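>>> What follows is a predicted structure for the sequence shown.
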Amino acid sequence: MNITPCNTVSLFLPLLFFLILLLIFFITPFKGNHFSLFVFPLSLSTINDKNITTTQVQVQQPHQPNMRIKKMTRLDRVEEGLAEARASIREAIRSMNYTSEKPEYFIPKGSIYRNPHAFHQSHIEMVKRFKVWVYEEGEKPIVHDGPLNNIYAIEGQFIDEMENSIGNNPFKARHPNEAHVFYLPISVANVVRYVYEPIMSKKDYYRDRLQCLVEDYVGVIAHKYPYWNKTNGADHFLLSCHDWVPSFYECNPQLFMNFTRLLCNANTSEGFQPKRDVSIPEVYLPFGKLGPPNLGQSPMNRTILAFFAGGPHGNIRKLLMDHWKDKDSEIQVHEYLPKGQNYTKVMGLSKFCLCPSGYEVASPRIVESIHAGCVPVIISANYYLPFSDVLNWNQFSLEIPVAKITEIKSILQSVSRNEYLKLHMNVLRVRRHFIINRPTKPFDVMHMILHSLWLRRLNFKLTNSQ
């Protein structure tokens, strides 16, 4: 039988195909133990598996003989659930609708959200799946305890919520094997209070004791459990509002390279990394209360254009005081309130509340102004605002550069009535995300903090070695 050239080619096609497969198999790099980082921020408007990069982090795994049937590990189960969550969020973006196994009593809508559909579905998935293991090592008051009031209150409130809400807190893991992230419940505010105070000299400000304490705690949990060593701390975090928190990272950058910090002092010029760290709001809580009284007035009854009262802490406030202190009836800037005036009440009578940074970038006035229905005017530099992954801050606040402090009055007067009313209504809409509830409730500040952490955990994939 004569074989034509065409028939000859057809005979070699299966062999050619087999050779190509063999070549692909041998030139494809084998993946070891690592975690893969999705491009950040995990843009809820454009979640896409195509947008991924990978970073290699060695994980120590015991050698296992090859098996025909692979048994799912703890990590496999955790990552499978996260993959399902990512798929659900992508579907919510595509369909512009949500999927939930139970009734949803609040549905995010409007321009205050970057993508309300993605945020809503992500929150649903978080409540359904997210588990936090709280390490049990350590003793009070340095660990497992923190201030519940005043300027560092969020630190103690978060510890208390995660430690003492057994049965009520759906996020607390019953066993570390089911956890997505691991919490080091150290209170930096309490470390300063019980280890450092009274501060008698300049040497007492040195951070070496804080650095040693945190490193020692990591050493204890790394020796006792396998979780830190497997990921080099990538799924571990600490929360604090104290100004000293960035310093423990500086002492050993290699140890804390992947570690997540939840900070009020979210200053990008001092090492805050939005891809890894979480900005949380600074909340001042009066003793025995979860927030200030609601004394906010309707827009027509707000007779003060702008208001600020506070000490001249830091360069930004000094500039503000130099130009505006007690000089203008419309731009009311005071170091001390005039006798007989109520701080919260004056906020409720103001259209705009000036929120300048002090010694650090964060200020409790942002949350106070939101509670009072007063549009926050943020005067800062290098400040990564809380919950910026999901909230559009320009829809309910204004930002004035430090260089334009002298122009505050003209800038605020240029805001039209309709623009102001929109900002005011959006402040009222976003307020639920800055309220502390105990126990925590969906979409309140505790949920928002956990959701910021959840997004970062969604953003990387841990893989077992083979």
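Yep, it's here. Because the structure is predicted, anything quoted here is derived from the model rather than measured.

>>> quick check, distance from stretch 176-192 to the centre of its chain.
Mean-position distance between stretch 176-192 and its chain equals 15 Å (Cα atoms, centre = their mean, to the nearest Å).

>>> ugh, wrong one, stretch 177-195
16 Å.

>>> Please apply the same query to stretch 270-279.
The answer for stretch 270-279 is 9 Å, by Cα atoms, centre = their mean.

>>> for that stretch, how far is the first residue from the last?
End-to-end distance for stretch 270-279, by Cα to Cα, to the nearest Å: 13 Å.

>>> same check, this time on stretch 134-153
19 Å.

>>> and if you look at stretch 284-300?
Terminal residues of stretch 284-300 lie 28 Å apart, using Cα to Cα.

>>> So what touches that stretch?
In this structure, residues lying in contact with stretch 284-300 by Cβ atoms under 8 Å, 6 or more residues apart in numbering are 148-151, 153, 157, 283, 342, 344-345, 347-349, 351, 364, 367-368, 371-374, 420-421, 424, 435-438. C-betas here are computed from N, CA, C, even on glycine.

>>> Break this protein into its domains for me.
Domain assignment for the chain, taken from automatic domain parsing, gives 129-286+450-463, 299-434.

>>> measure the residue positioned nearest the centre of the chain to residue 125 for me?
In the chain, the centroid-proximal residue (Cα atoms, centre = their mean) is residue 278; its distance is 3.0 Å. Using Cβ to Cβ, to the nearest Å, one gets 18 Å for the distance from residue 278 to residue 125.

>>> all helices for the stretch 151-300 of the chain, in order.
Using DSSP state H, counting those that start in this stretch, the helices of the stretch 151-300 of the chain run over residues 153-164, 188-191, 208-224, 227-231, 245-251.

>>> Make TSV from those and add mean pLDDT, distance to residue 379 and mean neighbour count to it.
Below are those laid out as TSV (pLDDT from 0 to 100; distance: least, Cβ to Cβ, whole Å; neighbours: other Cβ atoms under 10 Å):
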stretch	mean pLDDT	distance to residue 379	mean neighbour count
helix 153-164	94	22	22
helix 188-191	94	26	23
helix 208-224	93	30	16
helix 227-231	93	39	20
helix 245-251	76	22	20
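
>>> now these as CSV including distance to residue 321?
Output for those, formatted as CSV (distance: least, Cβ to Cβ, whole Å):
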stretch, distance to residue 321
helix 153-164, 27
helix 188-191, 28
helix 208-224, 32
helix 227-231, 46
helix 245-251, 27
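
>>> and residue 451, which of these is closest to it?
Judged by Cβ to Cβ, the one of these that comes nearest to residue 451 is helix 153-164, at 13.5 Å.

>>> Who are the packing partners of that closest one?
If you count contacts as 3 or more Cβ pairs under 8 Å, 6 or more residues apart in numbering; DSSP states H and E, helix 153-164 packs onto strand 132-134, helix 188-191, strand 236-240, helix 445-458.

>>> picking up where we left off before, and the contacts of stretch 284-300, which are buried?
148, 151, 153, 157, 283, 347-349, 351, 364, 367-368, 371-374, 420, 424, 435-437 (16 or more other Cβ atoms under 10 Å).

>>> What about those, which are in strands?
The strands, defined by DSSP state E, take in residue 351 from the buried ones among the contacts of stretch 284-300.

>>> would TSV of the helices and strands packed on helix 153-164 with distance to residue 250 be doable?
As requested, those are arranged in TSV below (distance: least, Cβ to Cβ, whole Å):
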stretch	distance to residue 250
strand 132-134	26
helix 188-191	14
strand 236-240	15
helix 445-458	21
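
>>> Out of these, flag the one nearest residue 161.
helix 445-458 (5.8 Å).

>>> now the closest one: mean pLDDT?
Here helix 445-458 scores 97 as its mean pLDDT.

>>> Give me the helices and strands touching it, please.
Judged by 3+ Cβ pairs under 8 Å, 6+ apart, the packing partners of helix 445-458 are helix 74-95, helix 116-129, helix 153-164, strand 260-263, strand 278-279.

>>> Among those, which comes closest to residue 252?
Of all the helices and strands packed on helix 445-458, strand 260-263 comes closest under Cβ to Cβ, at 13.6 Å.

>>> mean confidence for that closest one?
96.

>>> Provide the count of other residues in contact range of the spatially closest residue to residue 80 that is not a sequence neighbour.
In space, and not counting its chain neighbours, residue 80 is closest to residue 72: 7.7 Å by Cβ to Cβ, 6 or more residues apart in numbering. Using other Cβ atoms under 10 Å, residue 72 has 9 other residues around it.

>>> Which helix or strand contains residue 72?
Using DSSP states H and E, residue 72 sits within no helix or strand.

>>> mind checking how far it is from residue 133?
Taken as Cβ to Cβ, the span from residue 72 to residue 133 is 19 Å.

>>> measure stretch 144-162 end to end?
Start-to-end, stretch 144-162 (Cα to Cα) is 9 Å.

>>> Adjacent strands (with direction) for the strand or helix carrying residue 462?
Following DSSP H and E, one finds residue 462 within strand 460-463. Neighbouring strands of strand 460-463 in its sheet, by DSSP bridges, are strand 34-37 (antiparallel).

>>> List just the one of the helices and strands packed on helix 153-164 that sits closest to residue 404.
helix 445-458 (29.7 Å).

>>> could the domains of the chain go into TSV alongside distance to residue 118?
Shown next, in TSV, are those (distance: least, Cβ to Cβ, whole Å):
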stretch	distance to residue 118
domain 129-286+450-463	10
domain 299-434	8
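
>>> mean pLDDT for those domains: which is lowest?
domain 129-286+450-463 (a mean of 92).

>>> Straight-line length of it, end to end?
First-to-last residue span, domain 129-286+450-463, Cα to Cα: 19 Å.

>>> Please enumerate the helices of the stretch 351-466 of the chain.
365-371, 408-413, 417-430, 445-458.

>>> Which of those has the highest mean neighbour count?
helix 365-371 (a mean of 25; mean count of other Cβ atoms under 10 Å).

>>> roughly how far out does that one sit from the chain middle?
18 Å.

>>> switch to numbering from 97
In the new numbering, first residue 97, that becomes helix 461-467.

>>> Now do that helix: which elements does it pack against?
Secondary elements touching helix 461-467 (3+ Cβ pairs under 8 Å, 6+ apart): helix 439-444, strand 446-452, strand 471-475, helix 513-526.

>>> out of the helices of the stretch 447-562 of the chain, nearest to residue 401?
Per Cβ to Cβ, nearest to residue 401 of the helices of the stretch 447-562 of the chain: helix 504-509, 5.8 Å.

>>> Identify all contacting residues around that closest one.
Looking at what lies outside helix 504-509 - Cβ under 8 Å, 6+ apart - the contacts are 401-402, 420, 424, 426-427, 447-448, 450, 473, 494, 496, 500.
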